[in-house]
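Asker: below are the sequence and a predicted model for it; my questions follow.
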Amino acid sequence: MVLGTYKQITLARSTDKQIQKISQDGGIASALLCFALDEKIIDGAVVAGPSEKMWKPMPTVALTSDDILAAAGTKYTLSPNLWMLKEAVRQYGLEKVGIVTIPCQTMGLRKMQSYPIGVRFMADKIALDIGIFCTENFSFESLKTFIQAKAGVDFDLVEKMDIGKGKFWVHTADDVISFPIKETHGYEQNGCKVCLDLVSELSDVSTGSIGAPDDWSAVMTRTDSGETIFSKAVDAGLIETKPMDEGKFGLEMLTKLATSKKEKAMKVIDDRKAMGLPVPFKASNEKEGDPLANV
Amino acid sequence: MLARIKEFLGMEAKPKEEASEQEVEKVAEEEKAKPRIGYIHLSGCTGEGMSLTENYDILAPLLTEMVDIVYGQTLVDLWEMPEMDIALVEGSVCLQDDHSMKELLEVREKAGLVVAFGSCAATGCFTRYSRGGQQAQPNHESFVPIADVVKVDLAIPGCPPSPEIIAKTVVAVLNGDMDYLQPMMDLAGYTEACGCDLQTKVVNQALCIGCGTCAMACQTRALSMTDGRPELNEDRCIKCGICYVQCPRSWWPAERINMDLGL
C-alpha cells in the first residue's frame, strides 16, 4: 500500500478566512493545530516558524493561534522540528504537544516513541503529529540558488513558493515566475534519495496538496487519535471536506507520485547496499511482502 | 499485573494480538517464573539505578511481584554472587581495578544474560575521558565498555537510559519478546560512540535528513542544528552514543512502530 495505512482519505480546507488567506493550500495543519489548542487537546505545538532570515524557517514552539498562523505556509528548506521538542517539553513544560513533521521527521518521532532509549518522559507527551506530504527537501543554499539564480527573484520579494503541475512557482507581489521542477534536480537533499515515504505514513493525520485542486488539501487520517481530532474539527465546522477525485488529478496522481518516490528510493537503496554503504532500510531482496513498504 | 504495567507504558498491542499476550501473561503467572536479577555496580554514577526508580507507578509491583532482586550493593545483603538470570551491569570497567575485573568476569559466569546497563557500561561514555593520574587511585587510568572484557548480550545505552526504556525492556524480557529486544542485542556491538558518529556514519554517508532527532535526544545539549545538520560541541559530548542510537537513519524498527501505532 503505497499510501500507508489510513482510515479515511478526503479533500479538505479550513473554513477560516484568515487561514485561507495565508495558508499554502487548504490550511489543514494550521486549522487542526488551532482547533487542538482551543479544545485543549494540545497545550502547544512545534512548528516551522519564521526566523530573522526570509524563507529560512526556525523550529518554534507555538503557544497561541497567532503563533501558529505566523508559521503557516510551506518553506522548502530544512526545519529540524524534532530538535525543538526538547524545548517544548523541558523549557516550556508542555504536557500535550502537537508537532508538524515531514515524513523523515515523523520517522524520527515514532522511533523515539517506540524506543525512547535516552529520551526521558517525552514519548508520552506527543498528543498530535500532523505529517506533511514531501517529495524532497532542499538545503537553504540550494533553495537560494534556484530562486535567485534560476528564477532571478530577490528572496526578500518572494511572497509564496509552491510546487505543482510539474513546476516550481515563485510568487511576488506583482509577478508569478515558474520553472520546471526538473531544474531543481541535483539540488535535493541527499538523504532524501533513500526515503520511501511521501505521505507521512506514520503520522496521526497527513496532509498535502498532491491530488487536491487549488486551495484544497488531501487529508488522510491514520491513527485513532488523528481520526478523532480531524472529525471533531470537521464537526465543529472549522474544516470542510469533499470527496477526493479518484481520477488522474486526484487519488491516481497521489498514488503515482508516492509509487514513483518509492521506486526511485528502492533503486538507490539497492545500489547502496550492493556497494556496502549503510542504509537503515531493507534492500529489495531482503523484503518479505510489499516490495515498496517503508521498512 | 503485566497488563497494568503495559497499559502504563502504552504498550498495548493491537486487539487481535491480545489473546496471545494474555496467554503469555497467564503462563507467566502460572509458572511464577520470576527472573532473578542482579545489579552490579562498576564505574558508574548510579544514574541508571535512579532512572529505574523513576518508574514510580510500577516500581513497587515490578520489584516485589515480577522480579527477584538477588544480588546488588545496598539492595541485597549477600557477599557471594549467586546464579542469576539477568545481570544489569552499570558502569564501565577499570582495567587496573582488580576487584571490578574479577566481579565482571564472575558476572559473566553466573548470569544467563549480561546487560550493559547505561552508556558507561555500553560505550564507556564519560569515563572514556579518563587518563589516570588522579586521587584517590592515580593508577586507575583505563576505563572500557564491559563488552571489551566479557560477552554482552544486551546493551541499553543512555546517560542514563530513560525510565521508560528500562520498564519496556523488563516487560519485553518477561514476555520473551525478542523482536523488541533485537535492537538492544545489536547495540551490544556499538562500543565506540561519539557525537561525531553523526558526521561519519550519517552525514558523510549521505543519510542525514536534518530532522533534529539527534539534537533532541542529546542528554548534555552538546548538539544543535545549523543549516539543517547536527553541529557538535565536543566539549560537551560525553560519548554516550544516544544521538546516533536515536537517529532514524541508524536503524529503523518499522514493524514495532506500526504495531505501536496500530497501523
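Answerer: Thanks, I have the structure now. Note that this is a predicted model, so its numbers are computed, not measured.
Asker: residue nearest the centroid of chain B?
Answerer: Central residue of chain B (CA atoms, centre = their mean): residue B:156, 1.7 Å from the mean position.
Asker: for that residue, give its distance to residue B:190.
Answerer: From residue B:156 across to residue B:190, the span is 11 Å (CB to CB, to the nearest Å). Where C-beta positions appear, they are placed from N, C-alpha and C, glycine not excepted.
Asker: and for residue B:48?
Answerer: Residue B:48 is 17 Å from residue B:190, by CB to CB.
Asker: who touches both of residue B:156 and residue B:190?
Answerer: Common neighbours of residue B:156 and residue B:190 (criterion: CB atoms under 8 Å, 6 or more residues apart in numbering or on different chains): residue B:122.
Asker: hmm, back to that, more neighbours: which of residue B:48 and residue B:190?
Answerer: Each of residue B:48 and residue B:190 has its neighbours counted (other CB atoms under 10 Å in any protein chain shown); residue B:48 has more, 25 against 20.
Asker: where along chain B do the helices fall?
Answerer: Along chain B, the segments classed as helices by DSSP state H run B:2-9, B:15-31, B:47-53, B:56-61, B:98-110, B:119-123, B:163-175, B:178-187, B:197, B:213-217, B:242-246, B:254-261.
Asker: same question, the stretch 51-200 of chain A
Answerer: With DSSP state H, counting those that start in this stretch, the ranges of helices along the stretch 51-200 of chain A come out as A:65-70, A:81-86, A:103-114, A:140-144.
Asker: centre of the chain to the first one, how far?
Answerer: Yep, that's helix A:65-70 we're talking about. 17 Å (CA atoms, centre = their mean, to the nearest Å).
Asker: quick one, domains of chain A?
Answerer: What automatic domain parsing lists as the domains of chain A is A:8-136+A:195-278, A:138-187.
Asker: follow-up on the earlier one: what would the helices of chain B look like in a markdown table with distance to chain A and mean pLDDT?
Answerer: What follows is these, written out as a markdown table (distance: least, CB to the nearest CB, whole Å; pLDDT from 0 to 100):
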| stretch | distance to chain A | mean pLDDT |
| --- | --- | --- |
| helix B:2-9 | 9 | 60 |
| helix B:15-31 | 12 | 49 |
| helix B:47-53 | 7 | 92 |
| helix B:56-61 | 11 | 85 |
| helix B:98-110 | 22 | 97 |
| helix B:119-123 | 8 | 98 |
| helix B:163-175 | 5 | 91 |
| helix B:178-187 | 6 | 97 |
| helix B:197 | 11 | 98 |
| helix B:213-217 | 4 | 98 |
| helix B:242-246 | 3 | 98 |
| helix B:254-261 | 4 | 96 |
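Asker: just put the ones you listed in TSV and tack on distance to residue B:76.
Answerer: Converted to TSV, the helices of chain B look like this (distance: least, CB to CB, whole Å):
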stretch	distance to residue B:76
helix B:2-9	23
helix B:15-31	23
helix B:47-53	13
helix B:56-61	17
helix B:98-110	14
helix B:119-123	20
helix B:163-175	18
helix B:178-187	25
helix B:197	37
helix B:213-217	33
helix B:242-246	30
helix B:254-261	34
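Asker: of those, which stretch is the most buried?
Answerer: helix B:119-123 (a mean of 33; mean count of other CB atoms under 10 Å in any protein chain shown).
Asker: show me what that one is packed up against.
Answerer: The contact analysis (3 or more CB pairs under 8 Å, 6 or more residues apart in numbering or on different chains; DSSP states H and E) places helix B:119-123 against strand B:84-90, strand B:154-156.
Asker: pLDDT (mean, whole number) over the last one?
Answerer: So that's strand B:154-156. Strand B:154-156 shows a mean pLDDT of 97.
Asker: show me what it is in contact with.
Answerer: Contact partners of strand B:154-156, identified using CB under 8 Å, 6+ apart, comprise A:117, B:113-118, B:121-122, B:147, B:165-166, B:169, B:181, B:184-185, B:187-188, B:190.
Asker: now it, how far from the centre of its chain.
Answerer: Distance, centroid of strand B:154-156 to centroid of chain: 4 Å (CA atoms, centre = their mean).
Asker: neighbouring strands for that strand, and are they parallel or not?
Answerer: strand B:111-117 (parallel) (DSSP bridges).
Asker: could you check how far the partner strand is from the centre of its chain?
Answerer: Distance, stretch centre to chain centre, for strand B:111-117: 10 Å (CA atoms, centre = their mean).
Asker: dihedrals phi and psi, residue A:31?
Answerer: Main-chain dihedrals, residue A:31, degrees, to the nearest 10: phi -60, psi -40.
Asker: OK, contacts around the residue nearest to it when sequence neighbours are not counted?
Answerer: Spatial nearest neighbour of residue A:31, chain neighbours left out: residue A:14 (3.7 Å); criterion: CB to CB, 6 or more residues apart in numbering or on different chains. By CB under 8 Å, 6+ apart, the residues touching residue A:14 are A:20, A:23, A:26-28, A:30-31, A:238-239.
Asker: from these, pick the one nearest residue B:233.
Answerer: Residue B:233 lies nearest to residue A:30 out of these, by CB to CB, at 34.8 Å.
Asker: so what's the gap between the helix or strand hosting the closest one and the chain middle?
Answerer: Assigned by DSSP states H and E, residue A:30 belongs to helix A:28-38. Counting by CA atoms, centre = their mean, helix A:28-38 is centred 15 Å from the centre of its parent chain.
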